[in-house]
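Trainee: for reference, the sequence and a predicted model appear below.
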Amino acid sequence: MELGWLLWGAAVLLLLHVLMELSPAVNFALRIGFYYLLFFVCSAFTVPVCLLVNGGRTVKNMRIIKTVVKTFKYFFGLRFEVKGRENFEVEGPAIIVSNHQSILDMMGLMEVLPDDCVQVAKKELMYAGTVGLIIYLGGVIFINRKSTSSAKMVMAEVAKTMATDNVKVWVYPEGTRNCTGDLLPFKKGAFHIAVQAQVPVIPVVYSSFTTFYNPKKNLFTSGKIKVEVLPPIETKGLTSDDVSDLTDRCYRTMRETLFRLSGRPGE
Ligand SMILES: CCCCCCCCCCCCCCCCC(=O)SCCNC(=O)CCNC(=O)[C@H](O)C(C)(C)COP(=O)(O)OP(=O)(O)OC[C@H]1O[C@@H](n2cnc3c(N)ncnc32)[C@H](O)[C@@H]1OP(=O)(O)O
Ligand SMILES: CCCCCCCC/C=C\CCCCCCCC(=O)OC[C@@H](O)COP(=O)(O)O
């Protein structure tokens, strides 16, 4: 009986292996499927740990989540090379902005995430089963992207509580995933709250994934990701009139860095 199960298991693994070798589409689907499964299953185990250790929704849970997610890269043969971590060491709160290419960014996020830092996410993620629950417990701030006024209200609230709670806030200013190797134009929400709270903006740039990850081409192999934490951009004394300039400045610096890290000539 037991030998029978073993043989069945071996046969299924062999079949999957052959399918993966034969079809890039199957290979890609299985690897991404496994990525989702890891998040889904690990969240289920991490939820009770977070509840037992910290009792409920708090940014302290991010330390636990980070420890778990940081192991995922080994399953996919991904390596991160991080420079400039010391730039996170600012006194008090800050807004961290970074480029957003894919769901794989969750690994890159956890690789560098400083303590006491919450992320801004679309509210749909709250309903992603156990993943939604763990994100909620981690203190993530949810915004409704379909309603500018409510998103702005939540962001204004964040600007107010950042100082009292002494937390950093991580925003993806492109507002959506973008795996083209370039940056989308930045939304201004992150820069508005930086100016409202008079806290620095710290840009973080991840090199382009296009050489090892491309859903359109069913490409997902191992690879190296270069990460650079750039020096903080101060906002002391800036007013809402300066938000556009601040956004542009940050965009240009990040785009240059993205091209440099990805070995692509600038334009
Ligand atoms: C153990 C296992 C664990 C497993 C789980 C582990 C995973 C855990 C990871 C943690 C979770 C991470 C989650 C990551 C998720 C990433 C995302 O979901 S990204 C998508 C959501 N994020 C964003 O969209 C952020 C960026 N967007 C913005 O900042 C936007 O500006 C906005 C605030 C959302 C509003 O967007 P929109 O409605 O499109 O409007 P705009 O065109 O941007 O703005 C209109 C107008 O208003 C001005 N304005 C914007 N914000 C403000 C403000 N706060 N105050 C005043 N004015 C504001 C803006 O300048 C525009 O005016 P203008 O005249 O055109 O300039
Ligand atoms: C009972 C309900 C069951 C639902 C099951 C859903 C299972 C989901 C499982 C795993 C999700 C793993 C991914 C973790 C978080 C990914 C965050 C992310 O990258 O979100 C994308 C968002 O930034 C931008 O969204 P869009 O590019 O605009 O779109």
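Mentor: Now that the structure is in, tell me what you want to look at. Ligands and ions are numbered 1, 2, ... in the order given.
Trainee: what's around Lys83, how many residues?
Mentor: Neighbours of Lys83 under the rule other C-beta atoms under 10 Å: 13. Bear in mind the C-beta positions are built from the backbone N, C-alpha and C, glycine included.
Trainee: sec struct for the residue nearest to Asn214 when sequence neighbours are not counted, please.
Mentor: Spatial nearest neighbour of Asn214, chain neighbours left out: Cys179 (6.9 Å); criterion: C-beta to C-beta, 6 or more residues apart in numbering. Here Cys179 takes the coil state, with states given by DSSP: H, G, I helix; E, B strand; the rest coil.
Trainee: in the chain, which spans are strands?
Mentor: Under the criterion DSSP state E, the chain contains strands at 78-83, 95-98, 117-122, 141-143, 168-171, 201-206, 213-214, 219-220, 223-229.
Trainee: ok, the residue nearest to Asn214 touching Leu219?
Mentor: No - the pair Cys179 / Leu219 is not scored as a contact, 10.5 Å apart, by C-beta atoms under 8 Å.
Trainee: okay, and the common contacts of those two?
Mentor: Residues touching both Cys179 and Leu219 (C-beta atoms under 8 Å, 6 or more residues apart in numbering): Tyr213.
Trainee: and the closest residue to ligand 1 within the stretch 51-200 of the chain, what pLDDT?
Mentor: Closest residue of the stretch 51-200 of the chain to ligand 1, C-beta to the nearest ligand atom: Gly189 (2.1 Å). Note for Gly189: predicted pLDDT of 96.
Trainee: same deal with Ser207?
Mentor: 97.
Trainee: spit out the contact partners of it.
Mentor: Ser207 makes contact with 225-227, 258, 261-262, according to C-beta under 8 Å, 6+ apart.
Trainee: over to Val131?
Mentor: So Val131 contacts 39-40, 43, 125 (C-beta under 8 Å, 6+ apart).
Trainee: Val18 too?
Mentor: Shown in contact with Val18 (C-beta under 8 Å, 6+ apart): no residues.
Trainee: return the distance of Ala197 relative to Asp116.
Mentor: If you measure Ala197 against Asp116 using C-beta to C-beta, to the nearest Å, the figure is 15 Å.
Trainee: which one's more surrounded, the two?
Mentor: Taking neighbours as other C-beta under 10 Å, Ala197 and Asp116 compare with Ala197 leading, 21 against 15.
Trainee: for that one, give me its contacts.
Mentor: With C-beta under 8 Å, 6+ apart, Ala197 has these contacts: 93, 95, 159-160, 162-163.
Trainee: most neighbours, which of those?
Mentor: Sorting these by how many neighbours each has (other C-beta under 10 Å) puts Ile95 first, at 30 neighbours.
Trainee: what distance do you get for Ser102 to Ile96?
Mentor: 18 Å.
Trainee: those two: which is more packed in?
Mentor: A side-by-side neighbour count of Ser102 and Ile96, using other C-beta under 10 Å, places Ile96 first with 26 against 19.
Trainee: go ahead and confirm that one touches Val169.
Mentor: Yes - with contact defined as C-beta under 8 Å, Ile96 reaches Val169; the gap is 7.0 Å.
Trainee: so what sits against both of the two?
Mentor: With C-beta under 8 Å, 6+ apart as the test, Ile96 and Val169 both reach Cys117.
Trainee: I am finished for the moment; much appreciated.
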